[in-house]
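[1] Output the structure for:
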Amino acid sequence: MGYTFLEFMKRTGIFLICAESILHFMPGSSYQKYVKVLIGIMVLAQFLIPLKAVITGTEKAEIEQQIAAFQQIIERQSVEMQSTDMWSLSNDDRIEKGTKDEIKSRLNNIAAEKGYMIDDIIIDKIIYVILSEKQATSINIQEIKLDQRQENKPEEKEELLELKELFCKKLGIEEEYLEVAAND
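    Numbers count the residues shown, from 1 in each chain. Model prediction:
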């Protein structure tokens, strides 16, 4: 913030201590009154520096620039808060949404490496992570058989168990508090 009052007092105090030590170690008193006048003029000059900054407005301009920058930051954060519609939620809902977003951001990279995308997170006594397979650029059409239901393939179950283990490590929780399911 430029030249603060505390900084001014510190510099003036150091200057006065140095000046008094010079006077003390000066050999002879014939020049002492001239040195005191010179020191007095220098102290007055020290007082004029902050006065000049206030009168010319250079310090005022710095403060105004900092206020403008701070207002821009507040406006940007206000727009972000309104875009997420956080104000319309209750406090508990905000906490839940924030927790879900945090969990999702931590697990997204792991899921993406395995070819999945996190659709939803449900928080109850256990955290439920709902996954879906990422959309591929090519479309594979599988044979459709009527009147036969297929259970999850064994390799898909193993992959989900592996994801569950990786998710638990990333979140730092035990596996009994997390369930992973894939949307069909």
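[2] hey, let's count contacts and neighbours off CA atoms from now on
    Noted.
[3] Considering only helices and strands, which part of this structure has the lowest mean pLDDT?
    Ranked by mean pLDDT, DSSP states H and E, the weakest helix or strand in the chain is helix 58-83, scoring a mean of 71.
[4] Following element in sequence after it, please.
    As assigned by DSSP states H and E, the chain's next helix or strand after helix 58-83 is helix 91-113.
[5] Let's test this: mean pLDDT of that next one, rounded?
    Helix 91-113 carries an average pLDDT of 83.
[6] pull the CA atoms of that helix into CSV?
    Taking C-alpha atoms only, helix 91-113 is exported to CSV below (Å, rounded to 0.1, in the frame of the first residue of the first chain):
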residue,chain,number,x,y,z
ASN,A,91,-27.1,-25.3,3.6
ASP,A,92,-27.3,-29.1,3.8
ASP,A,93,-27.9,-29.3,0.1
ARG,A,94,-25.0,-27.1,-0.6
ILE,A,95,-22.7,-29.3,1.6
GLU,A,96,-24.0,-32.4,-0.2
LYS,A,97,-23.6,-30.9,-3.6
GLY,A,98,-20.1,-29.7,-2.7
THR,A,99,-19.2,-33.2,-1.4
LYS,A,100,-20.5,-34.9,-4.5
ASP,A,101,-18.6,-32.5,-6.7
GLU,A,102,-15.4,-33.1,-4.8
ILE,A,103,-15.7,-36.9,-4.9
LYS,A,104,-16.5,-36.8,-8.6
SER,A,105,-13.5,-34.6,-9.3
ARG,A,106,-11.2,-37.0,-7.4
LEU,A,107,-12.5,-40.1,-9.1
ASN,A,108,-13.0,-38.9,-12.7
ASN,A,109,-9.4,-39.5,-13.9
ILE,A,110,-9.4,-43.1,-12.5
ALA,A,111,-12.8,-43.9,-14.1
ALA,A,112,-11.6,-42.4,-17.4
GLU,A,113,-8.5,-44.6,-17.5
